[in-house]
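Q: take this sequence and fold it.
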Amino acid sequence: MRCSIQGCPGEYEAREITHTVRHHGRIVVIDHVPAEVCPICGDVLLTPETVRHIEALLQDSPEPSRTIPLYEYA
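A: Numbers count the residues shown, from 1 in each chain. You can find the predicted model right below:
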């Protein structure tokens with residue numbers, strides 16, 4: 001599918017991304033999220049099914065499989 005960003009000649013490619021979201025004041029990082037990514041401009045599309053799956057993960061709030069350091073830009 002052609003990129004939806006005006007003027008970008010790219011075509012979306014299926015990839016896995018790392019998705020970061022703030023949820024209830026916490027930063028949550030979800031790895032290996034399927035997405036369509038434009039290799040030219042980097043625009044990312046998530047399917048409605050993927051978004052629903054992420055929302056379900058956040059609602060269930062399971063314990064993370066790993067933790068990472070978080071640095072503040074100050």
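Q: OK, contacts around the most centrally placed residue in the chain?
A: The chain has His19 as the residue nearest its centroid, 2.8 Å off, counting by C-alpha atoms, centre = their mean. With contact taken as C-beta atoms under 8 Å, 6 or more residues apart in numbering, His19 is in contact with 29-30, 33, 35, 46, 54. Just so you know, the C-beta spots here come from the backbone N, C-alpha and C atoms, and that holds for glycine as well.
Q: how does it look with 7 Å?
A: 30, 33, 54 (C-beta atoms under 7 Å, 6 or more residues apart in numbering).
Q: per-residue pLDDT, it?
A: Here, the pLDDT recorded for His19 equals 96.
Q: re earlier: just the ones of the contacts of His19 in helices?
A: The members of the contacts of His19 that map onto helices under DSSP state H are Ile54.
Q: list the contacts of stretch 4-17.
A: Against stretch 4-17 from outside (C-beta under 7 Å, 6+ apart): 1-3, 32-41, 43-45.
Q: can you check stretch 25-42 too?
A: Counting by C-beta under 7 Å, 6+ apart, 1, 3, 5, 8-10, 12-21, 44-46, 50, 54, 57-58, 68, 70 sit against stretch 25-42.
Q: likewise for stretch 51-69?
A: Against stretch 51-69 from outside (C-beta under 7 Å, 6+ apart): 19, 23, 28-30.
Q: buried stuff in it?
A: Neighbour counts over stretch 51-69 (16 or more other C-beta atoms under 10 Å) mark Ile54 as buried.
Q: so how far does it reach from one end to the other?
A: 25 Å (C-alpha to C-alpha, to the nearest Å).
Q: how far out from the middle of the chain is it?
A: Put simply, stretch 51-69 sits 12 Å off its chain's centre (C-alpha atoms, centre = their mean, to the nearest Å).
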